[in-house]
Structures are given as C-alpha cells and as structure tokens.
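A.B. asks: need a structure here:
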Amino acid sequence: MLLKIAQIVYPGKSFGIFRDKALFTDEGLPGELVEVEIIQDKKDFFNAKTIKIIKASEYRVKEKCSHYKVCSPYQIIDYPNQLKIKESQLREMFSKKLNLSDLSIKVIPSPLIWGYRNKINLKLAEINGVYRLAYNQPGKDKEFYPIDKCWLSPDLVNDFIEELSLSLQDIASETIKEVTIRNNIENDILLSINLDSLADFARIQKVLPKLSINFKQSSGVCLVKNQFGSHQNILWGKNNLKHRIYETDYFIGSESFFQVNSLILKDLLEDINSLIEKNKFKTLADLYCGVGTFGLAFAKKVKTVLAVELDESNIFFLKKNITANNIENCLVSQQSVETWTKNIKEHKIDLAIIDPPRDGLKEKISSNLAHSNIPNILYLSCGASTLIRDLTILKRGYKIESISFYDFFPQTGHIETLVFLKKK
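C.D. replies: Numbers count the residues shown, from 1 in each chain. The predicted model follows:
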C-alpha cells in the first residue's frame with residue numbers, strides 16, 4: 001500500500017495517516033510517497049515497514065554507512081533538515097505535554113557531523129561461520145549486522161577496527177561478547193573486551209598485544225575485564241584515557257560515562273560558563289557527576305563545588321581528576337541523587353546541574369527538587385520524552401527560562417537538551 005509521510009516523530013518514526021488512523025513506519029521523509037507493509041494493526045494506530053520509496057524528498061541524500069538503519073537512520077536527511085526535524089519534535093513535545101507553545105529554542109549544531117564519536121560499542125558475533133565485529137539489529141538481541149567501518153567514528157578508530165577484527169579471528173572465542181573502543185583527539189585508544197569468563201584469557205593475552213606493535217598510529221591501551229565483577233586484567237598500557245576539554249583534564253576508565261561528542265561538549269561548557277559568570281553563581285552542585293564533567297570545568301569559577309555520584313568506578317576517576325586539575329574546592333559526596341535530595345533543604349546551592357542517564361529522574365527525585373530551595377537548575381537530558389515527563393513535576397516549583405538543543409548525535413534521532421529553570 002502507498003502512504004504519504006507527514007512528519008518524523010520522536011524518536012525517529014515516520015508518520016502518516018491510513019484509513020483515518022495513525023501509521024508509523026521505519027523510513028520516509030516528510031512529503032515522500034512510500035510503499036509500506038503493515039506489521040501490526042493496533043486499536044489506535046498501525047505499525048508498518050517501508051518497502052520502497054516511490055517519490056523521494058529533495059532533502060534525501062545518499063547514506064554513507066551500509067548499516068545506517070542500525071547506527072544512524074538520519075543519514076538519509078541532509079544535515080540542516082536533521083536539525084529542523086529535531087527542533088520541531090522538541091517544540092511539539094513542549095507544546096503538547098507542557099502547554100508551552102510560544103517557545104524560543106536555541107539550536108547548536110555539532111562542529112563535526114561525521115567521525116565525531118569518541119566511543120563505539122561492538123558485539124563479537126559468529127556470522128556465516130566467521131567471528132565478526134557487529135551491531136545488533138534494532139530490537140533483535142540475537143541478530144547482528146557486521147561492521148567493517150562506521151562513519152560516525154573517526155578514521156583512526158575504523159583503522160583500528162580493521163586491525164582488531166584480524167586479531168580476533170586468531171582467537172575465535174565464544175567467551176568474548178562485546179568490545180568498547182574509546183579514543184581522544186591525541187589519537188590514543190582504550191580497548192575494553194567484555195568476557196563471559198576468563199577461560200580463554202591466556203590465548204587472548206598472547207594474541208592481542210600484537211596490536212601495540214602492528215597499530216603504530218596509536219599509543220593504544222588494551223584492557224580485558226570480566227563482566228561478572230570488578231576484576232580487570234591490563235594486557236598492556238593503562239586502564240584509562242585522558243581527554244582535555246575546556247582547559248580541564250578528564251581521565252576516564254573503560255566503564256566511565258563521558259559525552260561521546262567532545263567538540264560540542266566544549267561548546268556546551270562555554271555556554272554554561274557564560275551563564276555562571278553572568279549570574280555570579282558561587283556554589284554549584286553537580287548531580288550524577290560521573291568523572292566530574294561539569295563540576296571540575298567550573299570549579300575555578302565558583303567558591304564551592306559539591307559532586308554527587310554513587311558509582312565506585314566513577315568516584316575513583318572523579319578523585320583522580322580533582323587531583324590532576326589541582327582543584328581544592330570540590331567536595332565529593334558518594335551517594336545516590338535520590339538520597340541527596342531527601343535532605344535537599346540542608347544544602348546551600350546557587351546552581352544545580354543535573355545530567356541523569358537516559359531514563360531521566362525518578363519521580364521522587366523530581367518531586368524533591370521541585371520542593372527544594374535551590375534557586376537555579378540546569379537540566380541536561382539525552383532523552384526528550386523523559387525530560388518532558390520530569391519537567392511536568394519540576395514545573396510545580398520552577399519556571400523554564402531557556403531551552404537549548406545541542407546536536408551531540410548527528411545522523412541519529414537522539415536529542416540532547418539543556419533546560420535552564422529558575423525557582424518560582
């Protein structure tokens with residue numbers, strides 16, 4: 001059947017109307033005529049799959065990755081229109097869910113739209129009798145798409161993937177399930193290998209150090225770890241990688257959270273710094289601080305930073321980063337944000353920066369913050385739907401001052417949003 005696509009709705013489904021009912025399919029740009037196959041007929045909508053593009057949009061471009069539907073389905077849209085689509089998605093969600101129709105949304109494009117990722121996760125899967133580095137097919141844990149090159153990663157990492165693939169063929173181990181490759185602008189690489197067991201550790205230890213010899217472009221770091229505990233075996237080099245961003249050194253570990261787009265992170269830090277200087281904030285709470293991304297960047301701009309983090313490995317690198325940057329005014333609070341907000345009125349804070357996981361805030365945390373005496377909150381979200389959910393609660397005690405969309409994830413449907421809230 002034929003369908004005219006009306007719009008792309010968050011987090012990336014193409015939408016049209018069929019038989020007076022909403023239909024969602026996996027591909028199609030606004031204005032395109034496509035052929036679809038209906039997969040599910042629900043009470044209020046259809047789920048479908050696009051079979052063929054009948055009449056293409058003028059904004060459609062040729063994809064770079066053969067696996068683009070797996071890693072970055074917006075590759076088929078020219079970049080200016082990617083930004084427009086994401087902005088319109090945000091605007092629609094704020095309007096429908098929060099009754100905010102007259103919005104000013106600042107849009108900050110990514111300095112790089114290809115090769116911007118500093119981290120990539122790949123599965124090791126047996127495909128046609130050969131072990132290959134691969135992505136999971138969307139929504140299918142046991143189906144894989146082999147990866148030789150991904151255009152979201154820099155050339156250095158793609159070269160490393162090719163070299164690593166050859167090394168892994170010599171191991172052909174079912175105990176290796178996943179690898180994580182991190183890189184920085186100095187061309188250092190940190191490789192982490194997730195194992196089901198240490199049964200093949202000796203063979204891995206024998207084969208993989210060859211990477212340090214063969215891959216001369218990188219001062220590569222190779223790490224093997226057991227996913228069932230904190231046990232780590234360093235094959236060679238170090239178990240961390242250093243990023244220098246906004247005059248701050250960040251050491252991160254194999255499992256540390258860190259923004260995957262370093263260049264636009266610098267832009268974000270500059271904008272937050274301008275806000276801090278303009279409002280003369282003196283005390284800053286960095287909630288879900290991880291390795292100290294925000295608190296340490298602004299520690300020399302304020303009198304006191306309170307860094308709240310629960311994860312043990314993040315705490316280790318947070319303290320390492322405090323020492324590396326000669327910071328003396330950062331107080332580390334190792335506890336959950338939920339526990340910290342239970343006594344929130346005891347904290348004398350000018351500004352709280354919140355950067356939660358994609359799942360957003362727990363309802364209790366949002367409620368505690370809404371009833372707090374913190375005058376200013378910056379909420380950075382990588383999940384637009386959970387951000388809207390949390391803001392419905394935060395609005396009980398705060399008003400939205402500004403909304404900024406930073407495109408941390410070009411070619412994808414992901415939206416990173418910064419909302420500045422002031423106490424009512």
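
A.B. asks: and Ile105, bridged to which residues?
C.D. replies: In this entry, Ile105 is beta-bridged to Ile403, by DSSP bridges.

A.B. asks: For the lengthiest helix in the chain, buried residues please.
C.D. replies: Looking across the chain with DSSP state H, the single longest helix is helix 79-98. For helix 79-98, the neighbour count (16 or more other C-beta atoms under 10 Å) marks 79, 81-83, 85-91, 93-94 as buried. To be clear about C-beta, it is placed using only N, CA and C from the backbone, and glycine gets the same treatment.

A.B. asks: Now do it, average pLDDT.
C.D. replies: For helix 79-98, mean pLDDT is 96.

A.B. asks: Reformat the buried residues of helix 79-98 as JSON lines; add distance to Thr248.
C.D. replies: As requested, these are exported to JSON lines (distance: C-beta to C-beta, whole Å):
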{"residue": "Tyr79", "distance to Thr248": "29"}
{"residue": "Asn81", "distance to Thr248": "34"}
{"residue": "Gln82", "distance to Thr248": "30"}
{"residue": "Leu83", "distance to Thr248": "28"}
{"residue": "Ile85", "distance to Thr248": "33"}
{"residue": "Lys86", "distance to Thr248": "28"}
{"residue": "Glu87", "distance to Thr248": "30"}
{"residue": "Ser88", "distance to Thr248": "34"}
{"residue": "Gln89", "distance to Thr248": "32"}
{"residue": "Leu90", "distance to Thr248": "29"}
{"residue": "Arg91", "distance to Thr248": "33"}
{"residue": "Met93", "distance to Thr248": "33"}
{"residue": "Phe94", "distance to Thr248": "32"}
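
A.B. asks: and which of these is nearest to Asp159?
C.D. replies: Distance to Asp159 across those (C-beta to C-beta) is lowest for Tyr79, with 25.1 Å.

A.B. asks: Backbone dihedrals for Ile120, both of them.
C.D. replies: Per-residue torsions, Ile120: phi -140, psi 130 (degrees, to the nearest 10).

A.B. asks: wait, what's in contact with it?
C.D. replies: By C-beta atoms under 8 Å, 6 or more residues apart in numbering, the residues touching Ile120 are 150, 152-153, 157, 161, 180-181.

A.B. asks: Return the subset of these lying in strands.
C.D. replies: Per DSSP state E, strands hold the following members of the contacts of Ile120: 180-181.

A.B. asks: which of the contacts of Ile120 sit farthest apart?
C.D. replies: Within these, Leu152 and Thr180 form the most distant pair, 14.5 Å apart (C-beta to C-beta).

A.B. asks: who has more neighbours, the two?
C.D. replies: Leu152 (25 against 17; other C-beta atoms under 10 Å).

A.B. asks: just checking, Val419 touches Ser381?
C.D. replies: Yes. Counting by C-beta atoms under 8 Å, Val419 touches Ser381, with 7.4 Å between them.

A.B. asks: Spell out which residues are contacts of both of those two.
C.D. replies: The contact sets of Val419 and Ser381 overlap at Leu387 (C-beta under 8 Å, 6+ apart).

A.B. asks: Nice, that's everything, thank you.
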